[in-house]
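# I would like to see how this sequence folds:
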Amino acid sequence: ERPHLTYTLGAEKSKVQDEEIDWEPTHTLTLDDHFEFSPRTRLSGNVSYKYADKYAEDEIALTCSAVLENEFSRTAQQSLRVSKQPAGTFGSTEKTDVTSVDYAFRKDDLFIYNLNFTFNASYKHNRPMGEEAGEVENITRVSPELSWNRAVSRKINRTLSYLYRWEHSNLESENLTEHRVTLSYTYTF
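A predicted model of the protein is given here:
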């Protein structure tokens, strides 16, 4: 029953240096497990290995991750995710060793009903491998968002949201910033 082991057989069509590879089988082996510290706190782990018979340069990959989730209340949750995609491990053809840490916080009904706040922050460490490896890149991202959902009628919902996104890379001279305001209407049949 635990841990949970999954084998997936699929088919994939890809292109490698102007040469198109027809449908080729891909194999994915995934191992999942979780541990609940309390009804509101859970630790999950995942290891996934993907292999393709005739593969492009980055089609054999090993990915490991762990997620710690905590539910403060009915309307507030947070999670911390750590993942690693090592290059060269178990025959991985990945060109970059990637380590990332992601934090997410969500609060529903912030001050008024249907006013939701989310905050996401991440740090990614990309270390290129091989003889022609470039510089190590560290990327930091922060993106808070505020959205308000309201029923206009029985079948139409309106959502007004504001998203701020900031990104810093040690390889870039300027930070990337984005301010996005979105108004959307959803009709439910």
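
# surely residue 32 meets residue 64?
No. Assessed by Cβ atoms under 8 Å, residue 32 is found out of contact with residue 64, at 11.5 Å. In this view, the C-beta of every residue, glycine as well, is placed from N, C-alpha and C.

# In the chain, where's the longest strand?
Ranked by residue count under DSSP state E, the longest strand found in the chain is strand 19-38.

# Which strands or helices does it pack on?
Strand 19-38 makes packing contacts with strand 4-16, strand 41-52 when contacts are defined by 3 or more Cβ pairs under 8 Å, 6 or more residues apart in numbering; DSSP states H and E.

# Pick out the residue closest to the middle of the protein.
With distances taken as Cα atoms, centre = their mean, residue 102 lies nearest the centre of the chain, 8.2 Å away.

# Restricting to C-alpha, output the helix or strand that residue 163 is a member of in CSV.
Using DSSP states H and E, the element containing residue 163 is strand 156-169. C-alpha atoms of strand 156-169 as CSV (Å, rounded to 0.1, in the frame of the first residue of the first chain):
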residue,chain,number,x,y,z
ILE,A,156,-21.9,34.5,-14.6
ASN,A,157,-19.0,35.2,-12.3
ARG,A,158,-16.7,38.2,-12.4
THR,A,159,-13.0,38.0,-11.2
LEU,A,160,-10.9,41.1,-10.8
SER,A,161,-7.2,40.3,-9.9
TYR,A,162,-3.9,42.1,-9.5
LEU,A,163,-0.6,40.3,-9.8
TYR,A,164,2.8,41.6,-9.1
ARG,A,165,5.8,39.5,-10.3
TRP,A,166,9.4,40.2,-9.5
GLU,A,167,12.4,38.1,-10.7
HIS,A,168,16.1,38.5,-10.1
SER,A,169,18.9,36.5,-11.8
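
# For that strand, the averaged confidence score.
Strand 156-169 carries an average pLDDT of 96.

# List the buried residues for it?
Across strand 156-169, burial judged by 16 or more other Cβ atoms under 10 Å covers 157, 161, 169.

# which one among those gets closest to residue 27?
residue 169 (34.3 Å; Cβ to Cβ).

# Kindly state the beta-bridge partners for the closest one.
With DSSP bridges applied, residue 169 shows beta-bridge pairing to residue 139.

# residue contacts, it?
By Cβ atoms under 8 Å, 6 or more residues apart in numbering, residue 169 lies in contact with 137-140.

# With residue 100 instead?
Each residue near residue 100 by Cβ under 8 Å, 6+ apart is listed here: 81-84, 122-125.

# Quick check: buried residues in the helix or strand where it lies?
Remark: residue 100 resides in strand 96-107, with elements defined by DSSP H and E. Buried residues in strand 96-107, counted by 16+ other Cβ under 10 Å: 96-98, 100, 102, 104-107.
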